[in-house]
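>>> This is the structure alone, sequence omitted:
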């Protein structure tokens, strides 16, 4: 793991794929590609086991990047990570907010690619395979 700013683990936890219809997409990845479902939240979100990373299907309020696929990097403190990256020139496209399962924010890298920063809630960190 490279040395980075405080609070960044350097671990990509998920690849986010936005889509307006989770129910239509889920069978493609689950049945067609054989990715086991780790977690679902109605028609808003589905997490599939992609091995080293989670494939996250996001709809509605869970689509924090405006319909663009993105990586999600786990950090200890979303607010501190956003402040650090903004000071390094990143553009904040979604400020830190508490989602239903984590705290999250979204920034653009220097090439304009979205990066989602997430931190699991303390209760989720204590559960095996806690929500992401």
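Thanks, I have the structure now. Quick caveat: nothing in here was measured; it's all calculated off a predicted structure.
>>> What's the mean pLDDT across the biggest helix by length in the chain?
The residue-count maximum for a helix in the chain (DSSP state H) belongs to helix 78-87. Across helix 78-87, pLDDT averages out at 94.
>>> Relative to the whole chain's centre, how far out is stretch 14-22?
The chain centre lies 10 Å from the centre of stretch 14-22; the measure is C-alpha atoms, centre = their mean, to the nearest Å.
>>> Of all the residues in that stretch, which ones are buried?
For stretch 14-22, the neighbour count (16 or more other C-beta atoms under 10 Å) marks 14, 16, 17, 18, 19, 22 as buried. To be clear about C-beta, it is placed using only N, CA and C from the backbone, and glycine gets the same treatment.
>>> if you look at these, which of them are in strands?
14, 16, 17, 18 (DSSP state E).
>>> Out of those residues, flag the one nearest to residue 102.
Taking C-beta to C-beta as the measure, residue 102 lies nearest residue 14 of these, at 10.3 Å.
>>> didn't that closest one look like it was pressed against residue 55?
Yes - with contact defined as C-beta atoms under 8 Å, residue 14 reaches residue 55; the gap is 7.1 Å.
>>> still on that earlier bit, in JSON lines: the buried residues of stretch 14-22, plus distance to residue 30 and pLDDT.
Listed next are these as JSON lines, based on distance: C-beta to C-beta, whole Å; pLDDT from 0 to 100:
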{"residue": "14", "distance to residue 30": "16", "pLDDT": "94"}
{"residue": "16", "distance to residue 30": "17", "pLDDT": "95"}
{"residue": "17", "distance to residue 30": "13", "pLDDT": "96"}
{"residue": "18", "distance to residue 30": "18", "pLDDT": "95"}
{"residue": "19", "distance to residue 30": "14", "pLDDT": "89"}
{"residue": "22", "distance to residue 30": "11", "pLDDT": "94"}
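>>> Run through the helices of this structure in chain order.
22-27, 78-87, 122-125.
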